[in-house]
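Q: Fold the stuff below for me.
(one chain, ligands or ions: 1)
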Amino acid sequence: MSSFRFVRCFATRARASRTSAFALGSMTPLSTVSVSFRNRIFPSVSRNYTAQTTEKKGGKTAILWIGAGLIAAGAGYYYFVNPELGAKTLVPTNKEPDYQKIYDQIADVLEDNDWDDGSWGPIFLRLAWHAAGTYDKKTNTGGSNGATMRFSPESDHGANAGLKAAREKLEIIKKNNPEITYSDLWSLAGVVAVQEMGGPKVPWIPGRKDSEAAACTPDGRLPDAAQGSSHLRDIFYRMGFDDREIVALAGAHALGRCHPDRSGFDGPWTPSPTMFTNGFYQELLGKKWVEKKWKGPKQFVDKETGELMMLPADMSLIQDKAFRPHVEKYAKDEELFFKDFAAAFHKLEELGVPRTGDEKVYYFKTKE
Ligand code: HEM
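A: Numbering: from 1, shown residues only. This is a model prediction of the structure:
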């Protein structure tokens, strides 16, 4: 990795300057050079010194030590203004993780069992989104940095019901790659899910750091599926998204399903819940949706078969005048949806992560 090479170059340079600082105080040739240079510039001062041999030696040594001190101070200042480089250089770093390798390992576990509809992809994506969707731009708290959902109370928030299974499933990847943080791992698992289920390439940047339980976000930052468009705006505007991005992100409901033992709702949104498509918008516009008659929370089912479902929050995307045109565009144009989803999902995954703008952006090869 280029950043790693740079750190190593810097370490070599720092070692070299430390060596020359020590050499200055002891090596005769360097001392000779500085004396003859001084003689040329200050001949009268030199003459005075030649008359007092002892003082001359002491003066020479003092100058050399001052020189050494200045160089050492310079090196120290360089570390001071580049604290991260300094820390990385002084404490030997591990090699940067091979993220494509970790991507491949996550891809390998997606379908290694009979979880749900045959893939861990949908729940990995939901984990990545719920870890990031706690962001509050006003206070700059929450977001995909931290992985605080490992801890109570965040792990017990109603919106996160069922995500323990995804976190536990990813433990094997963490064990095999201890150098990746949980927050990077969950975020990367979201990218793997989208790409491996046939969605767009999503640019990804590592560098998230895990936080302690004290950084858990308060309950209520994720959307409530029972509510409508004004609630969706409150939640997503708080993160910094606009209407078009809200609609693009909601297209992830082409994947997976609702579970009565998790959210209380029931059923998949599309007949292909392990394929990333623009199917969510097509179903939303193309089917007649009626309220499901049951004892559970209010939700909608398609009138024809009763097998597909929509949440009240999903329905608000076609009831709201500003949301609906985006639903219509994405239903017609999958390429546009893929492009907008990739950009919005990348933005979601960056929420709360401190960046300099110089980070390397990764694009992963899909497994097959
Ligand atoms: C617009 C506001 C949203 C609401 C109200 C909402 C609500 C829900 C609910 C109630 C479930 C069912 C959970 C369960 O019972 O297992 C669910 C599942 C899911 N959500 Fe959302 N969601 C929203 C946005 C998003 C976004 C932005 C993404 C990703 C970018 C996403 C991805 C998913 C996925 C993939 C599942 C399926 C999980 C599985 O099959 O286990 N959702 N969502």
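Q: check contacts around Ile235.
A: Listed by C-beta atoms under 8 Å, 6 or more residues apart in numbering, the contact set of Ile235 reads 133, 221-223. No exception for glycine: its C-beta is placed from N, CA and C like everyone else's.
Q: which pair in the residues you listed spans the largest distance?
A: Of all pairs drawn from the contacts of Ile235, the greatest distance, 8.9 Å, lies between Arg221 and Pro223 (C-beta to C-beta).
Q: what sits in contact with each of those two?
A: Going by C-beta under 8 Å, 6+ apart, residues that sit against Arg221 and also against Pro223 are 133, 235.
Q: right, and Lys169 touches Val109 too?
A: Yes - counting by C-beta atoms under 8 Å, Lys169 does reach Val109; the two are 6.7 Å apart.
Q: which residues do the two both contact?
A: Trp120.
Q: neighbour count winner among the two?
A: Set Lys169 next to Val109 and count neighbours by other C-beta atoms under 10 Å: Lys169 wins out with 20 against 17.
Q: who's in contact with the residue nearest to that one when sequence neighbours are not counted?
A: Counting by C-beta to C-beta, 6 or more residues apart in numbering, the nearest residue to Lys169 once its immediate chain neighbours are dropped is Trp120, at 5.8 Å. For Trp120, the contacting residues are 109-111, 113, 166, 169, 193, by C-beta under 8 Å, 6+ apart.
Q: The helix or strand where Ser187 lies - contacts with which helices or strands?
A: Under the criterion DSSP states H and E, the helix or strand holding Ser187 is helix 182-196. Under the contact criterion of 3 or more C-beta pairs under 8 Å, 6 or more residues apart in numbering; DSSP states H and E, the helices and strands touching helix 182-196 comprise helix 99-109, helix 121-132, helix 171-176, helix 334-350.
Q: what's the angle between the last one and helix 121-132?
A: Between the axes of helix 334-350 and helix 121-132, defined by axes from the mean of the first three to the mean of the last three C-alpha atoms, to 10 degrees, the angle is 50 degrees.
Q: Show me what helix 334-350 is packed against.
A: With contacts taken as 3+ C-beta pairs under 8 Å, 6+ apart, helix 334-350 sits against helix 121-132, helix 182-196, helix 243-250, helix 324-332.
Q: helices or strands up against the third one?
A: Contacts of helix 243-250 with other secondary structure elements, assessed using 3+ C-beta pairs under 8 Å, 6+ apart, are made with helix 229-239, helix 312-319, helix 324-332, helix 334-350.
Q: quick revisit: right, so of the helices and strands packed on helix 182-196, which gets closest to the ligand?
A: helix 121-132 (3.5 Å; C-beta to the nearest ligand atom).
Q: how about the closest one as CSV, C-alpha atoms only?
A: The C-alpha coordinates for helix 121-132 follow below in CSV (Å, rounded to 0.1, in the frame of the first residue of the first chain):
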residue,chain,number,x,y,z
GLY,A,121,-26.6,-10.6,2.4
PRO,A,122,-29.9,-8.8,3.4
ILE,A,123,-29.2,-8.9,7.1
PHE,A,124,-25.5,-7.9,6.6
LEU,A,125,-26.8,-4.9,4.6
ARG,A,126,-29.3,-4.1,7.4
LEU,A,127,-26.5,-4.3,10.0
ALA,A,128,-24.3,-1.9,8.0
TRP,A,129,-27.1,0.5,7.6
HIS,A,130,-28.3,0.5,11.2
ALA,A,131,-24.7,1.0,12.4
ALA,A,132,-24.4,4.1,10.1
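Q: quick one on the thing from earlier: can I get the helices and strands packed on helix 334-350 in JSON lines with mean pLDDT, mean neighbour count and distance to Tyr103?
A: JSON lines is the format used below for the helices and strands packed on helix 334-350 (pLDDT from 0 to 100; neighbours: other C-beta atoms under 10 Å; distance: least, C-beta to C-beta, whole Å):
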{"stretch": "helix 121-132", "mean pLDDT": "98", "mean neighbour count": "26", "distance to Tyr103": "12"}
{"stretch": "helix 182-196", "mean pLDDT": "98", "mean neighbour count": "26", "distance to Tyr103": "6"}
{"stretch": "helix 243-250", "mean pLDDT": "98", "mean neighbour count": "22", "distance to Tyr103": "22"}
{"stretch": "helix 324-332", "mean pLDDT": "98", "mean neighbour count": "19", "distance to Tyr103": "26"}
